[in-house]
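Trainee: Sequence first, predicted model second:
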2 protein chains.
Amino acid sequence: MIEKDELAYIKSRLDFWDKLSESEINLLENNIANVSYNKGFNLHSTDSECLGVLLIKNGGLRVYILSEDGREITLYRLSPGDVCVLSASCIINSITFDVHIDAESDTDAYLINIGTFSKLSNQNVYVENFAYKNTNERFSDVMWAMEQILFMSFDKRLAIFLLDEITKTNSNELHLTQEQIAKYIGSAREVVSRMLKVFQSEGILEQSRGSIHIIDKEKLRELI
Amino acid sequence: MIEKDELAYIKSRLDFWDKLSESEINLLENNIANVSYNKGFNLHSTDSECLGVLLIKNGGLRVYILSEDGREITLYRLSPGDVCVLSASCIINSITFDVHIDAESDTDAYLINIGTFSKLSNQNVYVENFAYKNTNERFSDVMWAMEQILFMSFDKRLAIFLLDEITKTNSNELHLTQEQIAKYIGSAREVVSRMLKVFQSEGILEQSRGSIHIIDKEKLRELI
């Protein structure tokens, strides 16, 4: 059973909650479970059964596709607070592909089981809407990944810019906002933000408010 | 103004119609226009204004992304009867990427202008749902294209299978259903169906009920 304060959190992440009837709320509250996955655990694959909808408490998930010869392509990552809907893709008719989902670190999550989510989604258009909208957002993530993979230009451009700045200022500490960088290299703030996060996760740099600390110049050079 | 029998057709393609109020129907009926595009016309690009939602009457659209150095990647194609929602992507918050859309042949379509669609989508959850669901379907198309581009295995597998069958039966006419082919090469009927359509559009083969006529064996060989 889920605690009261936990329910408040879950409610805040599921924007269809206010549109549920009393009986739907009861159904949902009685069918949310705490689940935990060890780092590396594969919780969804192309031939596994459909798990349901996950809300990540801590840890993180990686969603990827796998070629027949074992090559992996990461589509996107999910962090605490994110909702994973593709682990319920079997009930979304408009989704005809399948993905793999792994726990990237030890992960705790709330799980709405597939039967419950399916029932709610069938009888309440706002729940269905939530699933579609969430999937649309992931579509945007995938398009971003696809452009990175196929066009491979923006990471290079950003790396070149950062190295130039280091040389110019003779310091590994760059006092620049994402907005400024976006302007300098003719891109959108959002795109810069995403790529800086990738660089951060790769140990290339660390971000703090209004500044970027370059940790690994060599890795940055390798990108060019 | 749109004719009565045309309205019946439009209605059949927009599954939110039955959920519209009378005033919403009036608004919609008064804001659908006939539009025509010449072959090759670019009707949506990353910096153009948002057009609205299109329902294709005849002809066809190609949706693609473009790299900075001018490389194009086709995401999917739309045919008569298909609804194009990404030409209204500016009003879908969950979509943060942008695409190019060209008329692939002379194309006639019905256009619901962006203001009208935006208004309907804001006030009626079923219209919003329609846009999300349609985009989800395109997400599936994009995933398929992405796997083809990145993994490049299925077209080869299918080409090998078809060439083997030609040799085996000593005939360019293969009496096989998509279901049977899917079973033989260990894939899904839907995937086979999609690839056969691609082969057909490339002039490699022609399909009729229960049989496939191979027209260009050389092209098929080139795939391997």
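Mentor: Everything's here; your move.

Trainee: Pull out the C-alpha coordinates of the helix or strand where A:A8 lies and format them as CSV.
Mentor: Secondary structure from DSSP states H and E places A:A8 in helix A:4-13. Output in CSV follows, covering the C-alpha atoms of helix A:4-13 (Å, rounded to 0.1, in the frame of the first residue of the first chain):
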residue,chain,number,x,y,z
LYS,A,4,-0.5,9.3,1.9
ASP,A,5,2.4,11.7,1.2
GLU,A,6,3.6,9.4,-1.6
LEU,A,7,0.1,9.6,-3.1
ALA,A,8,0.3,13.4,-3.2
TYR,A,9,3.5,13.1,-5.1
ILE,A,10,2.1,10.6,-7.6
LYS,A,11,-0.9,12.8,-8.1
SER,A,12,1.3,15.7,-8.9
ARG,A,13,3.0,13.8,-11.7
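
Trainee: ok, A:Q178 - contacts?
Mentor: A:189, A:192-193, A:196 (CB atoms under 8 Å, 6 or more residues apart in numbering or on different chains). C-beta: built from backbone N, CA, C; applies to glycine.

Trainee: on that earlier part again, for the helix or strand that comes right after the helix holding A:A8, what is the average pLDDT?
Mentor: Going down the chain from helix A:4-13, the next helix or strand is helix A:22-29, by DSSP H and E. Helix A:22-29 comes out with an average pLDDT of 96.

Trainee: now do stretch A:148-157
Mentor: 74.

Trainee: Same question for that stretch: list its buried residues.
Mentor: Neighbour-count burial for stretch A:148-157 flags A:148, A:154, A:157 (criterion: 16 or more other CB atoms under 10 Å in any protein chain shown).

Trainee: how about JSON lines for those, with distance to chain B and secondary structure added?
Mentor: Output for those, formatted as JSON lines (distance: CB to the nearest CB, whole Å; DSSP: H, G, I helix; E, B strand; the rest coil):
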{"residue": "A:Q148", "distance to chain B": "11", "secondary structure": "helix"}
{"residue": "A:F154", "distance to chain B": "9", "secondary structure": "helix"}
{"residue": "A:R157", "distance to chain B": "9", "secondary structure": "helix"}
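
Trainee: In space, what's closest to the residue most central in space within chain A - neighbours in sequence excluded?
Mentor: Nearest to the mean C-alpha position of chain A, by CA atoms, centre = their mean, lies A:L78 at 2.9 Å. In this structure, A:L78 finds its nearest non-sequential neighbour in A:L61, 4.4 Å apart by CB to CB, 6 or more residues apart in numbering or on different chains.

Trainee: Next SSE downstream of the worst-scoring helix or strand of chain A on mean pLDDT?
Mentor: In chain A, the helix or strand scored least confidently by mean pLDDT, DSSP states H and E is helix A:178-184, which has a mean of 80. Sequence-wise, the next helix or strand downstream of helix A:178-184 (DSSP H and E) is helix A:189-201.

Trainee: how long is stretch A:211-221 from one end to the other?
Mentor: By CA to CA, to the nearest Å, the extent of stretch A:211-221 from end to end equals 20 Å.

Trainee: chain center to it: distance?
Mentor: When C-alpha coordinates are averaged (CA atoms, centre = their mean, to the nearest Å), stretch A:211-221 and its chain have centres 24 Å apart.

Trainee: Now look at the helix holding A:A8 and say if it contacts chain B.
Mentor: No. Helix A:4-13 does not reach chain B (CB under 8 Å from any CB of the partner chain); its nearest approach is 15.5 Å.

Trainee: Next, the angle from that helix to helix A:22-29.
Mentor: Interaxial angle, helix A:4-13 versus helix A:22-29 (axes from the mean of the first three to the mean of the last three CA atoms, to 10 degrees): 110 degrees.

Trainee: pLDDT of helix A:4-13, averaged?
Mentor: Summarised as a single mean, pLDDT over helix A:4-13 is 92.

Trainee: what's next to it, contact-wise?
Mentor: Taking CB under 8 Å, 6+ apart as the rule, helix A:4-13 contacts A:2, A:17, A:29, A:32, A:55, A:81, A:83, A:110.
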